[in-house]
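Undergrad: Fold the following.
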Amino acid sequence: MKRAISFYFAVFLISASIKVGAQEVAQTNIQPINNSISLVSKLQPVSFNYDAKWVGKLAIPDKEYYGFVAADVQKIFPELVKRQAKDYTVGKNAFRTATVSTVDYESLIPLLVGSIKEQQVQIEQLKRELNALKEKNTR
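TA: Now for the predicted structure:
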């Protein structure tokens, strides 16, 4: 029993010391994202499938996807488009590489949140204007 307690205490001490030794990486050059509505509104959501000849070669699931055309996103947010090289077999011990462009959807989230916040400011402003007009008309 004492050994089990000693073992768990030792594991606790080791895990605590590992956590204490980890250092937080600070973010720098923090800037607000402005005008996100005008940028996000340029994106056109689509549904799509990958070309059938590549689905088998690249082991891409053959299904319908929802997202954006990477070439369109590239024009607006070039930093959100990633190119991924995928090897495929063309014969015995022979390979070629295809490039698949993908959108980093996770990095798109802050832009979407910024757009929602900008829209909310616009909504609140329109509500105030509407209430002012209602008051003016009731007098």
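Undergrad: Identify each of the strands in this structure and give its residue range.
TA: 46-48, 65-67, 81-91, 94-103 (DSSP state E).
Undergrad: export those to CSV and tack on mean pLDDT?
TA: Shown next, in CSV, are those (pLDDT from 0 to 100):
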stretch, mean pLDDT
strand 46-48, 96
strand 65-67, 96
strand 81-91, 89
strand 94-103, 91
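Undergrad: can you tell which of those strands is closest to residue 25?
TA: In terms of Cβ to Cβ, the element of the strands of the chain nearest to residue 25 is strand 81-91, at 21.5 Å. Every C-beta, even on glycine, is put in place using the N, C-alpha and C of the backbone.
Undergrad: Please enumerate residues in contact with that closest one?
TA: If you take Cβ atoms under 8 Å, 6 or more residues apart in numbering as the criterion, strand 81-91 is touched by 57-58, 70, 73-74, 95-104.
Undergrad: Let's see that with 6 Å instead.
TA: Outside strand 81-91, the residues that touch it by Cβ atoms under 6 Å, 6 or more residues apart in numbering are 57-58, 70, 73-74, 95-102, 104.
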